[in-house]
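Trainee: after the sequence you'll find the predicted model.
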Amino acid sequence: TFGEHLASPRRAIFSPGGAEFATVDDQATVRVYTVPGQAGQPWRGVGPQKGERFPIVSGDGRWIVAQGALWSVKEARRVRSVDADCVDVGRPVFLPDGHRWASPCGKVIRVHDVRPGRETVVLAQEDGTTSERLYQTFLSRDGGRLAARAMRSVVVWSTDSKVVLGRLRMQAAGVTQVAFDSTGGRLVVGGDDGQLRLWTLGAGAPVLLGPYADPLQRSNVPLFVSFVDGGHAVLAVLRGGAVVKWAGASGAEGHLVARVPQTDGYQREISPDGRHLVIFSGRQGAVIPLDGSGEPTRLYGDPKSLALFGGRFTPDGAGIVAKDGRRLWYWDWRRDQQGVPLSGHAAEVAGYVFSPDGRRLFSAGVDGEVRSWVTPSVNALRRYLRTTARHCLTAQERTIHLAESRAAAVEGVRACRERLGLYALEP
C-alpha cells in the first residue's frame, strides 16, 4: 500500500519498463514509487477499497454499512465484516425493509441481511458467457426493482422474486450513469458516446436522446442523469460543464439550463423538492435552479484546502454538506455562501449519509472509524462560531448569521477581538 500523499492522489502513470510509477495529487505534488514484484514476487496492487465513497444507512436508521462492515447505530459499534472475500466490491444500497442491503461483488449482486443467521442471497446475471463486473447499484423509489451498472450494460432485478426483469446492452458505448423514474418502470441510461437512452422495461429498444451539440464544442458525455419535472423531463450534467434538460421524447433537443466548470469529478445531487441541483468542482460548489430562474448560488470552503467532494442536501433541503480531506463542510446555502468546517476525523473522510429523519449525520473515515454527528443547524453554527473562530465576524455578519441585535453584535465583536488580541479594527 502506498500512502505518502498529504492530498488526494488524482492520477498515476507507469514508466515504460513498468518498474516505477508516478502519482500527482490535488496540491501538484508528484511522487515516484518502485513497483514490488519486478523480481518475481507476486503483486496484486493496492487491492479493493472495501468502503465506498458514501456509506449507506437503513430506512429505519438503525444500521449503517461502511468501510466493509455492518455497524449498529444504537450500540455505536461494528457488528461484523462483510464481503471480505470479495475482490471487486461495488457501491451498495439498502432495500426498503431496512434489514437487507444489496452489494455488487464481481459479476453478481449479494443481498445481505442484518439479522443473524440469515443466508446471503446471490443475484446472478443469468448469462455467464457475457456477464460483466458490476460497479454500482440503483434502487427504484418503491424498492421493488434493483438495477446494477456494468461497463457496457445495465441489469434490472425484481427485489421480491429475484429474477432478471431486463438487460440493456450498449453495443459501442460504455455506461456512465443510471437513474429510475418515480414509477420504477423506466430508466435513463447515460453513455460515453454522449447519448441518453430512455429505457422502458419490457418495451424493447430504448429511445435515444442527444447527443447535445455544445456550442463551445466541449465534451457531451453525461456524468449525472435524473428524471425531473415529475418524470416528464430528463436532466444531465455533461463533462464539458453543460447542465442540459430534455423534454423526454424521441428526437427532442436538449436545452441548456446552466454551466459549471468542466471536470471529470462532478459531485452532484438534486434537492428533495426537485427544484435545485448542487454540484461541486474543485474548491467550490454551485446550487443551480432547475427551472432556469436566477443565477447559480456559489458555495465556498477553505481556499487553501483540498477539493470539495460529495455535495448532499440535508433531508429538508435547507443545508448542504460536502467533504474535503479530514473535514466535513456545511452550508446554510440560502443565507450564506461561505461554508463552516466540521472537524473530528483523524483520517480522510470516505463518505457520509443522513439518517432518514435527518437529525443525524454519519461519516466514515478511510481508517475504518465511523462518527455520528447532530445534523448541523443554526444553533450549531452559533456555538461553532462563538467558540472556535480564529477571526472575528463583523457586527453585520453577527446580526445575519447569529441573529443578534445591533447592540449585542457590537459588544460581541469587541469581546471577540479582546479575546483574540485583535485591536484597532472597525466593526
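Mentor: Alright, I've got the coordinates. Only a predicted model underlies this, so the values are computations on that prediction, with no experimental measurement involved.
Trainee: so which bits of the helix ranked longest in the chain are buried?
Mentor: Secondary structure of the chain read by DSSP state H shows that its longest helix is helix 406-420. Across helix 406-420, burial judged by 16 or more other CB atoms under 10 Å covers 409-410, 412-413, 416-417. Quick note: C-beta positions are derived from backbone N, CA and C, even for glycine.
Trainee: of these, the lowest pLDDT goes to which?
Mentor: Lowest model confidence among these falls on residue 417, which carries 73.
Trainee: all helices for the stretch 301-427 of the chain, in order.
Mentor: Residue ranges of the helices in the stretch 301-427 of the chain, as given by DSSP state H, counting those that start in this stretch, are 378-388, 395-401, 406-420.
Trainee: next one: the shortest one to chain centre, how far?
Mentor: Averaged C-alpha coordinates place helix 395-401 at 32 Å from its chain's average position (CA atoms, centre = their mean, to the nearest Å).
Trainee: which strands and helices lie in contact with it?
Mentor: With contacts taken as 3 or more CB pairs under 8 Å, 6 or more residues apart in numbering; DSSP states H and E, helix 395-401 sits against helix 378-388, helix 406-420.
Trainee: show me the shaky parts of the stretch 201-350 of the chain.
Mentor: The model of the stretch 201-350 of the chain has pLDDT under 70 over residues 248-251, 262-267, 306.
Trainee: mind listing the strands for the stretch 201-350 of the chain?
Mentor: Per DSSP state E, counting those that start in this stretch, the stretch 201-350 of the chain carries strands over the ranges 207-209, 222-228, 233-238, 242-246, 255-259, 267-270, 276-281, 284-289, 297-300, 309-313, 320-324, 327-331, 340-342, 349-354.
Trainee: contact partners for the spatially closest residue to residue 170 that is not a sequence neighbour?
Mentor: In this structure, residue 170 finds its nearest non-sequential neighbour in residue 152, 4.6 Å apart by CB to CB, 6 or more residues apart in numbering. Contacts for residue 152 (CB atoms under 8 Å, 6 or more residues apart in numbering) come out as 132, 169-171, 173-175.
Trainee: out of the residues you listed, which is most surrounded?
Mentor: Highest neighbour count within the contacts of residue 152: residue 175, with 22 neighbours (other CB atoms under 10 Å).
Trainee: wait, that residue touches residue 148, no?
Mentor: No: using CB atoms under 8 Å, residue 175 is not in contact with residue 148; the gap is 10.1 Å.
Trainee: list the residues that contact both of those two?
Mentor: In contact with both residue 175 and residue 148: residue 154, using CB under 8 Å, 6+ apart.
Trainee: returning to what we had before: can you show me the CA trace of the longest helix of the chain as CSV?
Mentor: Coordinates of each C-alpha in helix 406-420 appear next as CSV, following Å, rounded to 0.1, in the frame of the first residue of the first chain:
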residue,chain,number,x,y,z
ARG,A,406,-27.1,45.5,16.8
ALA,A,407,-26.0,46.3,20.3
ALA,A,408,-25.3,42.7,21.1
ALA,A,409,-23.4,42.3,17.8
VAL,A,410,-21.2,45.3,18.5
GLU,A,411,-20.4,44.0,22.0
GLY,A,412,-19.7,40.6,20.6
VAL,A,413,-17.2,42.0,18.2
ARG,A,414,-15.5,43.9,21.0
ALA,A,415,-15.3,40.8,23.2
CYS,A,416,-14.0,38.6,20.3
ARG,A,417,-11.2,41.0,19.4
GLU,A,418,-10.2,41.4,23.0
ARG,A,419,-10.1,37.6,23.5
LEU,A,420,-8.0,37.1,20.3
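Trainee: 55 is where my numbering starts, stick with that
Mentor: New numbering, starting at 55: the last item is helix 460-474.
Trainee: which strands and helices sit next to that helix?
Mentor: Where contact means 3+ CB pairs under 8 Å, 6+ apart, helix 460-474 is packed against helix 449-455.
Trainee: buried set for the helix it packs on?
Mentor: Buried residues in helix 449-455, defined by neighbour count with 16+ other CB under 10 Å: 449, 451-453, 455.
Trainee: and which of the residues you listed is nearest to residue 418?
Mentor: The shortest approach to residue 418 among the buried residues of helix 449-455 belongs to residue 455, at 29.4 Å (CB to CB).
Trainee: in CSV: the buried residues of helix 460-474, plus distance to residue 132.
Mentor: Below are the buried residues of helix 460-474 laid out as CSV (distance: CB to CB, whole Å):
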residue, distance to residue 132
463, 46
464, 50
466, 43
467, 46
470, 41
471, 46
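Trainee: can you pick out the most distant pair from the residues you listed?
Mentor: In the buried residues of helix 460-474, two members sit farther apart than any others by CB to CB. They are 463 and 471, at 12.8 Å.
Trainee: surely residue 466 meets residue 451?
Mentor: No: shown here, residue 466 and residue 451 do not form a contact pair, counting by CB under 8 Å, at 10.1 Å.
Trainee: what about residue 382, distance to residue 408?
Mentor: With distances taken as CB to CB, to the nearest Å, residue 382 is found 12 Å from residue 408.
Trainee: of these two, who's got more company?
Mentor: Using other CB under 10 Å, the more surrounded residue of residue 382 and residue 408 is residue 382, with 23 against 20.
Trainee: contact partners for that one?
Mentor: Contacts of residue 382 by CB under 8 Å, 6+ apart are 375-376, 395-396, 403, 406, 415, 417, 427.
Trainee: ok, residue 156 next?
Mentor: By CB under 8 Å, 6+ apart, the residues touching residue 156 are 146-147, 149, 163-166, 177, 191, 193, 200, 213.
Trainee: repeat the analysis, applying 6 Å as the threshold.
Mentor: Residue 156 is in contact with 147, 163, 165, 191, 200, counting by CB atoms under 6 Å, 6 or more residues apart in numbering.
Trainee: list just the nearest of the contacts of residue 382 to residue 157.
Mentor: When the contacts of residue 382 are compared against residue 157 (criterion: CB to CB), the nearest one is residue 406, at 18.6 Å.
Trainee: what's the closest non-adjacent residue to the closest one?
Mentor: Per CB to CB, 6+ apart, closest to residue 406 is residue 417, 4.0 Å.
Trainee: residues in contact with the closest residue to residue 249 other than its chain neighbours?
Mentor: Once flanking residues are discounted, residue 249 sits nearest to residue 264: 4.9 Å by CB to CB, 6+ apart. In this structure, residue 264 makes contact with 248-250, judged by CB under 6 Å, 6+ apart.
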